[in-house]
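Asks: just a sequence and a predicted model for now, questions to come.
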Amino acid sequence: MSVSIVVPVLNEAEGIVAFLQSLQSFRQKGCQLIVVDGGSQDETFRLTEGRVDQRLISKAGRANQMNRGAELAESEVLVFLHADTLLPEHADELIEQGLQETCKEWGRFDVRLSGQQPLLRVVERMMNNRSRWSGIATGDQAIFVKKSLFDEVGGFPSIALMEDIALSRILKGKGRPLCLKEKVQTSSHRWEEKGILRTIFLMWWLRLGYFLGKKPEQLANTYYGK
């Protein structure tokens, strides 16, 4: 199976070079790397030059950016990766082997938060166990899906927040995800900056609001502190 990695970015200049460098080994093995900039006001887009296979500027919004990136994908499997998340070594092989052995069509990795505070280890376990039990994945877990299925369901719903949850619910209707135990590492900066317990409460509050039918635009305003 061939793999395309789709990365939505917005004002990521500080860390984009190191992040893209971490993905060059996958490019060398034939994976396609696509970056979709949502209109950065810094040097993000310029710094991607020569480090990706495809890049474009699109309307802001992760759902919109990832859908645009998927349109450029030439591979059988899409991996949607946030710019603050690092894939495990041989992630492409893990995905290929897992999908073939289980005959599943989509999935995600377990997640590890980058910080060292003990409470973050509890958060990780909660996130991974909840996802394995519910069949719902988050963007921090590097969702992957066969392109044929992604196209069939119409891609990410065009909403301001919770696009990962929304897509997971749709894909779950086609079959439960492959939950790989290998971990991606995602930044814990937001958790530590806002407070771990406060962030836990906020994320649960947002998910509850979403499942109760609150508009994603309103949830986005709460999430981004507007």
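Replies: Happy to help now that I have it.

Asks: in space, what's closest to the most centrally placed residue in the chain - neighbours in sequence excluded?
Replies: Centrality entry for the chain: nearest residue to the mean C-alpha point is residue 139, 3.1 Å, by Cα atoms, centre = their mean. In this structure, residue 139 finds its nearest non-sequential neighbour in residue 164, 4.1 Å apart by Cβ to Cβ, 6 or more residues apart in numbering. Any C-beta I mention is one placed from the backbone N, CA and C, and that applies to glycine too.

Asks: over to residue 138?
Replies: Counting by Cβ to Cβ, 6+ apart, residue 138 lies nearest to residue 164, which is 5.1 Å off, once chain neighbours are set aside.

Asks: and if you look at residue 45?
Replies: residue 37 is the one closest to residue 45 (Cβ to Cβ, 6+ apart), at 4.6 Å.

Asks: the strands in the protein, which residues?
Replies: With strands called from DSSP state E, the chain shows them at 3-9, 32-37, 54-57, 77-80, 85-86, 106-113, 144-146, 178-186.

Asks: columns distance to residue 97 on top of those, output as CSV?
Replies: CSV is the format used below for the strands of the chain (distance: least, Cβ to Cβ, whole Å):
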stretch, distance to residue 97
strand 3-9, 12
strand 32-37, 19
strand 54-57, 26
strand 77-80, 12
strand 85-86, 20
strand 106-113, 12
strand 144-146, 12
strand 178-186, 10
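
Asks: span of stretch 99-110 from start to end?
Replies: From its first residue to its last, stretch 99-110 covers 16 Å (Cα to Cα, to the nearest Å).

Asks: return the set of buried residues in that stretch.
Replies: Using 16 or more other Cβ atoms under 10 Å as the test for burial, stretch 99-110 gives 99, 104-110.

Asks: check stretch 7-25 too.
Replies: By neighbour count on 16+ other Cβ under 10 Å, the buried set for stretch 7-25 is 7-10, 12-13, 16, 19-20, 23.

Asks: report the two of the residues you listed separated the most.
Replies: Greatest spatial distance among the buried residues of stretch 7-25 (Cβ to Cβ): 10 and 23, at 17.9 Å.

Asks: where does this protein have low pLDDT?
Replies: Scanning the chain with the threshold set as pLDDT under 70 gives 210, 219, 223-226.
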